[in-house]
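Q: fold the stuff below for me.
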Amino acid sequence: MRSIWNGAISFGLVSIPIKLVNATENHSISFRQIHTEDGGRIRYRKVCELEDREVTTAEIGKGYEDADGSIIPITEDDLAALPIPTAKTIEIVAFVPADRIDPLQMDTAYYLSANGVPAAKPYTLLREALKRSRKVAIAKFALRGRERLGMLRVVDDVIAMHGLLWPDEIRATDSVAPDTEVKVRDAELDLADALMDTLGEVDLDSLHDDYRTAVEEMIAAKVEGGGTYTPAPAAEPGGGKVIDLMAALENSVRAARTARGEKSEAEEDQEAEVTSLRSRTTKSAAGKTASAAGKTTSARKSSRTAPKQVGGKKSTAKTASKAKAAAPKKSTAKKSTGKQSASGTAATKSTAKKTASKKSTTPKKTTKRASA
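A: Sure, this is the predicted structure:
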């Protein structure tokens with residue numbers, strides 16, 4: 001890898017010659033500006049405003065614009081003459097625990113490579129000291145015309161340096177936090193914890209730039225198709241205004257578990273409940289069927305024995321009441337007919353007695369008259 005800066009690490013009285021190499025690279029796809037009518041490139045030309053002509057890179061220098069708009073020229077010799085001890089040195093000023101560094105301060109990352117064989121021994125010494133102390137080194141260095149703050153740490157067997165923003169370059173958070181006071185319920189926190197547990201950890205090496213992949217596929221399709229491209233159907237837009245936070249959290253947990261091929265607790269509970277309800281329903285249905293069958297059998301038996309009990313002396317109150325309710329007129333007619341027949345029989349008997357008495361009295365009277 002090509003070095004972008006050569007210097008030394010100042011570690012007390014120890015000086016370690018190093019080369020600065022970029023530890024990161026930008027994989028973003030860049031586009032050129034073109035004229036939409038004919039596809040011609042649009043270029044920016046560096047033109048001097050006073051002479052109204054294009055100038056070359058060799059003719060371009062640096063200048064500082066004052067408050068009144070005037071330009072003050074600054075040469076490379078002016079910058080080199082400044083008393084900056086870190087012009088060619090990464091000066092370590094302290095060693096602190098890694099958690100003391102706010103991630104907001106981290107900027108571009110670099111690898112520090114030992115520059116030459118004599119640098120191998122002090123380089124290894126600093127690397128092993130950082131490993132054993134489990135601390136990071138805070139350093140100052142100058143790069144691209146300004147002094148910067150850096151943090152040195154060990155990555156594998158290499159010393160890496162993160163450029164840090166100065167503390168006064170971090171903006172305050174007062175104007176960013178929500179203005180209104182919001183209370184979060186314990187149930188919402190529980191669901192948030194469940195979502196965090198469901199998502200779990202991830203292998204950072206497995207993550208990639210989906211947008212860059214889609215752009216590369218689109219460019220390849222345009223090259224093969226002669227400049228035409230049919231995009232895939234866009235997915236439904238997500239996000240938007242959250243109306244029900246609890247529902248959103250529950251759906252998120254369910255979606256995360258589904259993505260992992262796991263069943264949600266609600267689904268497991270629902271399956272358990274459905275199983276118990278089916279067994280209970282089967283038992284209750286069987287009980288109801290058995291009771292219904294028992295009632296039907298008893299009803300049939302009572303209907304068969306009902307005529308015998310009505311004809312005899314022992315008849316139940318339910319059967320009599322049912323019989324009376326079913327046919328009140330017929331029973332009344334039967335009772336009245338019975339009474340009429342009984343009265344008719346009694347009248348016949350009394351008539352017969354009278355006739356017999358008359359017959360018995362008549363001969364007696366005739367006998368008396370004959371003897372007279």
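Q: alpha carbons only for contacts and neighbour counts from here, please
A: Noted.
Q: what about this structure, any weak spots by pLDDT?
A: Within the chain, the segments meeting pLDDT under 70 span 232-243, 263-372.
Q: quick one: the strands in it?
A: 3-11, 14-22, 47-48, 53-54, 62-65, 71-74, 89-97, 106-114, 135-143, 146-155, 158-164 (DSSP state E).
Q: what helices or strands is the fifth one leaning on?
A: Put plainly, it is strand 62-65. Using 3 or more CA pairs under 8 Å, 6 or more residues apart in numbering; DSSP states H and E as the contact test, the elements touching strand 62-65 are strand 71-74.
Q: the strand it packs on pairs with which strands, and in what direction?
A: strand 62-65 (antiparallel) (DSSP bridges).
Q: could you dump the partner strand to PDB, C-alpha only?
A: Output of strand 62-65 as PDB, limited to C-alpha atoms (Å, rounded to 0.1, in the frame of the first residue of the first chain):
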ATOM      1  CA  LYS A  62      -3.100  29.100  -1.100                       C
ATOM      2  CA  GLY A  63      -4.700  32.200   0.400                       C
ATOM      3  CA  TYR A  64      -6.700  33.200   3.400                       C
ATOM      4  CA  GLU A  65      -9.900  35.300   2.900                       C
END
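Q: contact partners of that strand?
A: By CA atoms under 8 Å, 6 or more residues apart in numbering, the residues outside strand 62-65 that reach it are 71-75.
Q: kindly report the same for stretch 203-223.
A: Under CA under 8 Å, 6+ apart, the answer for stretch 203-223 is 28-29, 227-229, 231.
Q: about what we covered before: closest one to residue 8 out of the contacts of strand 62-65, please.
A: Nearest to residue 8 out of those is residue 75 (CA to CA; 25.0 Å).
Q: for that closest one, what are phi and psi?
A: phi -100, psi 170 (degrees, to the nearest 10).
Q: quickly list what the nearest residue in space to it that is not next to it in sequence is bridged to.
A: Once flanking residues are discounted, residue 75 sits nearest to residue 62: 6.5 Å by CA to CA, 6 or more residues apart in numbering. With DSSP bridges applied, residue 62 shows beta-bridge pairing to residue 74.
Q: how close does residue 62 get to residue 208?
A: Residue 62 sits at a distance of 40 Å from residue 208 (criterion: CA to CA, to the nearest Å).
Q: before we move on, what about residue 6?
A: 33 Å.
Q: what about these two, which has more around it?
A: Neighbour count, other CA atoms under 10 Å: between residue 6 and residue 208, residue 6 has more, with 15 against 9.
Q: grab the nearest non-local neighbour of the more buried one.
A: residue 19 is the one closest to residue 6 (CA to CA, 6+ apart), at 4.6 Å.
Q: before we move on, back to that, CSV for the contacts of strand 62-65, including neighbour count and distance to residue 107?
A: CSV is the format used below for the contacts of strand 62-65 (neighbours: other CA atoms under 10 Å; distance: CA to CA, whole Å):
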residue, neighbour count, distance to residue 107
71, 12, 30
72, 11, 30
73, 11, 29
74, 12, 27
75, 11, 28
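Q: dump those into JSON lines; add distance to residue 212 as well.
A: Output for the contacts of strand 62-65, formatted as JSON lines (distance: CA to CA, whole Å):
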{"residue": "71", "distance to residue 212": "42"}
{"residue": "72", "distance to residue 212": "43"}
{"residue": "73", "distance to residue 212": "42"}
{"residue": "74", "distance to residue 212": "41"}
{"residue": "75", "distance to residue 212": "41"}
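Q: if we can go back for a sec, tell me the bridge partners for the residue nearest to residue 6.
A: residue 6, residue 113.
Q: what sits against residue 66?
A: Counting by CA under 8 Å, 6+ apart, residue 66 has contacts residue 72.
Q: roughly how far apart are it and residue 79?
A: Applying CA to CA to residue 66 and residue 79 gives a distance of 18 Å.
Q: coming back round to it: residue 126 versus the residue nearest to residue 6, what's the distance?
A: 15 Å.
Q: list the buried residues in stretch 182-199.
A: 191-192, 194-195, 198-199 (16 or more other CA atoms under 10 Å).
Q: now swap in stretch 119-132 and tell me
A: Buried, per 16+ other CA under 10 Å, within stretch 119-132: 119, 122-124, 126-127, 130.
Q: cool, and stretch 137-147?
A: So for stretch 137-147, counting by 16+ other CA under 10 Å, buried means 137-142.
Q: residues contacting that stretch, please?
A: Here stretch 137-147 has contacts from 5, 79, 86-96, 130, 148-153, using CA under 8 Å, 6+ apart.
Q: now the buried members of those residues.
A: Here, 16+ other CA under 10 Å leaves 5, 86-87, 89-92, 95, 130, 148-153 buried among the contacts of stretch 137-147.
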